[in-house]
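Give me coordinates for this.
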Amino acid sequence: LKKLISNVINSPQEEKFRKIRFMNPGFQKRVGKYKSATAFLKCCGFEMIKEGDREEKFLLLEEDKIDINVLKTGLAKLESALGI
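Prediction:
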């Protein structure tokens, strides 16, 4: 989660950091399988969308909906909870 949010803060214009393929095995192993982690990303502005004929799920943070202050606050709360 820390890396996902940090990437958006540092490069908000990069879609590759704002669009997460929900069923990506790496994402599922580290983040996606935890409902609270997905809820955290949604609190930071990500939305669940479906794309394509197969309606593949993505978590997307639209560029025009980025609130850097919300992301920084979320990151700070996350780091505090983890004792970082």
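
which helices and strands sit right next to whichever helix in the chain runs longest?
Secondary structure of the chain per DSSP state H: the longest helix is helix 68-82. Under the contact criterion of 3 or more CB pairs under 8 Å, 6 or more residues apart in numbering; DSSP states H and E, helix 68-82 touches helix 2-10, helix 35-43. (Each C-beta comes from the backbone N, C-alpha and C, glycine too.)

Tell me which of these lies nearest to Gly83.
Nearest of those to Gly83, taken as CB to CB: helix 2-10 at 12.3 Å.

returning to that earlier point: could I get the buried residue list for the longest helix of the chain?
Judged by neighbour count using 16 or more other CB atoms under 10 Å, the buried positions of helix 68-82 are 71, 74-75, 78.

tell me which element the residue with the largest distance to the centre of the chain falls in.
What lies farthest from the middle of the chain is Asp53; by CA atoms, centre = their mean that is 23.4 Å. Using DSSP states H and E, Asp53 is not contained in any helix or strand.

Against Arg21, how distant is it?
Separation of Asp53 from Arg21 (CB to CB, to the nearest Å): 15 Å.

what's stretch 49-68 in contact with?
8-9, 12-13, 15, 18-23, 38, 41-42, 44-48 (CB atoms under 8 Å, 6 or more residues apart in numbering).

at 6 Å instead, please
12, 18-22, 41, 45-47 (CB atoms under 6 Å, 6 or more residues apart in numbering).
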